[in-house]
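Student: 3D model of this:
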Amino acid sequence: MSSDAAEGAEARATTTTTFDDGVVPGKGVLECVMSSSRSEFLDQNDAFESRVVTLDRVMFSNALARRRTTIRGRFAPLGAEGRDAIPGGTGGGGGRRSHRLTGFGARGMNLIERSHSDVMGAVSIERDGAFAVHAGVFTGNRQPEDNLGKLLVQASAKSSTSTRHVNAALNLSRCQSGETVLGAAVTFAKTLKKTTRAVVGDVWAQRAVSQPDGREDLTEWGVAATLPPITGAGAIKNAGWGFVIGKPANRGGVQAEAYLRLGSDGIDPGATVLPGVIVTQDDRGSRETTFACRGGWNW
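Tutor: Residues are numbered from 1 along each chain as shown. Now for the predicted structure:
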């Protein structure tokens, strides 16, 4: 058993501006994200130490609706992520970063998470709110593939009732290098009886279909579930919980984490605390247990 303690702080600000373009009122959106961080290696005694503020992301999106079909377009000249190309579909993990202890699966399966770049253009076609096809083209120097272009495609279908929601998707990424990765994912949500809270679960898996260089282990799978806390109620009595187990890409063995969700649900303003335990076992059978706690504040 081992324990590593680290400290750091990050402030992040998101500004969203909505435009009425006369075609679909309120559908044009400009999003900008800025951040500033302080890590443990900085001089904590220097009260006048400068803080660098970084512009991390700029994205514009718009939509055009005609009868039962909606077409959405998105353009990001800076800080594009894989989720920008497939915002309405299942990515695997399906949750927010604030809903996970380590972040494994929180931004989608590996083929989506690693599809990040400086520039992205994407389009989605949705039919009856139940079927959708998403496609995005990425390029820039933030990609693992050394500035090569990448295509990310997803086909998804969902079914919903007043107490249940299921979303299934097939994902495909294709890089200029010839690397092709195929994945599948299912996200489901079930509202608990006599409450408005819902258990949200995810199952996902991916595998490289073609990999010319073979330098990376892109096989990944995961199973996750989480229940949000009741905001404003007793912290322990009405706490939420979560767990994730699976094999991350580029890592042998299995990783599992279990944690409580205390305070805010991570979306509404307020403090969120996630105490829990992480267990990892490599492909040689060596096991390591770490106790961890993640906190955040939304305002």
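Student: Make sure Gly296 is actually in contact with Ala271.
Tutor: Yes: at 7.3 Å, Gly296 counts as touching Ala271 under the criterion of CB atoms under 8 Å. C-beta here means a position set from N, CA and C on the backbone, and glycine is covered the same way.
Student: okay, these two: which has more neighbours?
Tutor: For Gly296 versus Ala271, the count of surrounding residues by other CB atoms under 10 Å is larger for Gly296: 16 against 12.
Student: On the strand side of things, show who the more buried one bridges to.
Tutor: Thr272 (DSSP bridges).
Student: Tell me how far it lies from Arg107.
Tutor: 16 Å (CB to CB, to the nearest Å).
Student: wait, what's in contact with Ser173?
Tutor: Ser173 sits next to 111-112, 115, 150-153, 179-181 when contact means CB atoms under 8 Å, 6 or more residues apart in numbering.
Student: Can you show me the helices along this structure?
Tutor: Taking DSSP state H to define them, one finds helices in the chain at 82-85, 110-113.
Student: what's Trp16 in contact with, if anything?
Tutor: Not Trp; residue 16 is Thr. Per CB under 8 Å, 6+ apart, neighbours of Thr16: 29-31.
Student: Name the member of these that has the highest neighbour count.
Tutor: Result: Glu31 is most packed of those (other CB under 10 Å), 18 neighbours.
Student: Switch the helices of the chain over to CSV; also include distance to Arg57 and mean neighbour count.
Tutor: Shown next, in CSV, are the helices of the chain (distance: least, CB to CB, whole Å; neighbours: other CB atoms under 10 Å):
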stretch, distance to Arg57, mean neighbour count
helix 82-85, 9, 25
helix 110-113, 15, 27
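Student: could those go into JSON lines alongside distance to Phe138 and mean pLDDT?
Tutor: Formatted as JSON lines, those follow (distance: least, CB to CB, whole Å; pLDDT from 0 to 100):
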{"stretch": "helix 82-85", "distance to Phe138": "8", "mean pLDDT": "87"}
{"stretch": "helix 110-113", "distance to Phe138": "11", "mean pLDDT": "86"}
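Student: Which of the ones you listed sits closest to Arg68?
Tutor: Arg68 lies closest to helix 82-85 among the helices of the chain, at 22.7 Å (CB to CB).
Student: ok, and what's touching that closest one?
Tutor: Contacts with helix 82-85, where a contact means CB under 8 Å, 6+ apart, come from 59, 74, 76, 91, 107-108, 111-116, 120, 122, 134-136, 138, 152, 154.
Student: Could you pick out which of those residues are located in strands?
Tutor: Judged by DSSP state E, the contacts of helix 82-85 include 59, 74, 76, 120, 122, 134-136, 138, 152, 154 as members of strands.
Student: PyMOL command for the buried members of the residues you listed?
Tutor: Only the buried members of the ones in strands among the contacts of helix 82-85 enter the following PyMOL selection, criterion being 16 or more other CB atoms under 10 Å:
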select buried, resi 59+74+76+120+122+134+135+136+138+152+154
